[in-house]
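here is a sequence together with a model predicted from it:
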Amino acid sequence: GAQMLVGFERLLGFGTEPPMNRIYLSRTPADFWGRYNRRVHAWLLRNVFLPVGGGRRPVKGVVWVFAVSAVLHELAFDIATSRIDGYQATFFLSQIPAVL
């Protein structure tokens, strides 16, 4: 589906890249998250990681990125399932030590 979307976007004249960048080659959790869903990655980089310190404070940036991702995923799944279960927040927050 993602490849079809990229093909459609290119037909429309947009210079897009695939959302996933060969995630099967990932060697670490940090490498995986850098390759996975690059559009969201770019948004989190611009709107969360860099504003909280970016390269000067990478630990703080990683913590904030995964905390924001946890909240956004939890909200989306809570709306979809009409209940709060915390699974998404738990998953994304547990990625922090793996990436660090």
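Now that the structure is in, tell me what you want to look at. Numbers count the residues shown, from 1 in each chain.

which one is Asp78 nearest to, not counting chain neighbours?
Leaving aside its sequence neighbours, Asp78 sits nearest to Ile84 (C-beta to C-beta, 6 or more residues apart in numbering; 5.0 Å). All C-beta spots, glycine's among them, are computed from the backbone N, C-alpha and C.

over to Ile96?
Closest to Ile96 by C-beta to C-beta, 6+ apart is Phe66, at 4.9 Å.

residues touching the closest residue to Ile23 other than its chain neighbours, list them.
Distances taken as C-beta to C-beta, 6+ apart put Arg35 closest to Ile23, at 4.7 Å, once the chain neighbours are dropped. The contact partners of Arg35, by C-beta atoms under 8 Å, 6 or more residues apart in numbering, come to 20-23, 25-26.

Val65 now?
With contact set as C-beta under 8 Å, 6+ apart, Val65 has these partners: 44-45, 48-49.

and the gap between it and Tyr24?
Distance, Val65 to Tyr24, using C-beta to C-beta, to the nearest Å: 23 Å.

buried residues in the worst-scoring helix or strand of the chain on mean pLDDT?
In the chain, the helix or strand scored least confidently by mean pLDDT, DSSP states H and E is helix 2-11, which has a mean of 83. Residues Val6 are the ones in helix 2-11 that count as buried (16 or more other C-beta atoms under 10 Å).

so which elements touch it?
Helices and strands touching helix 2-11, by 3 or more C-beta pairs under 8 Å, 6 or more residues apart in numbering; DSSP states H and E: there are none.
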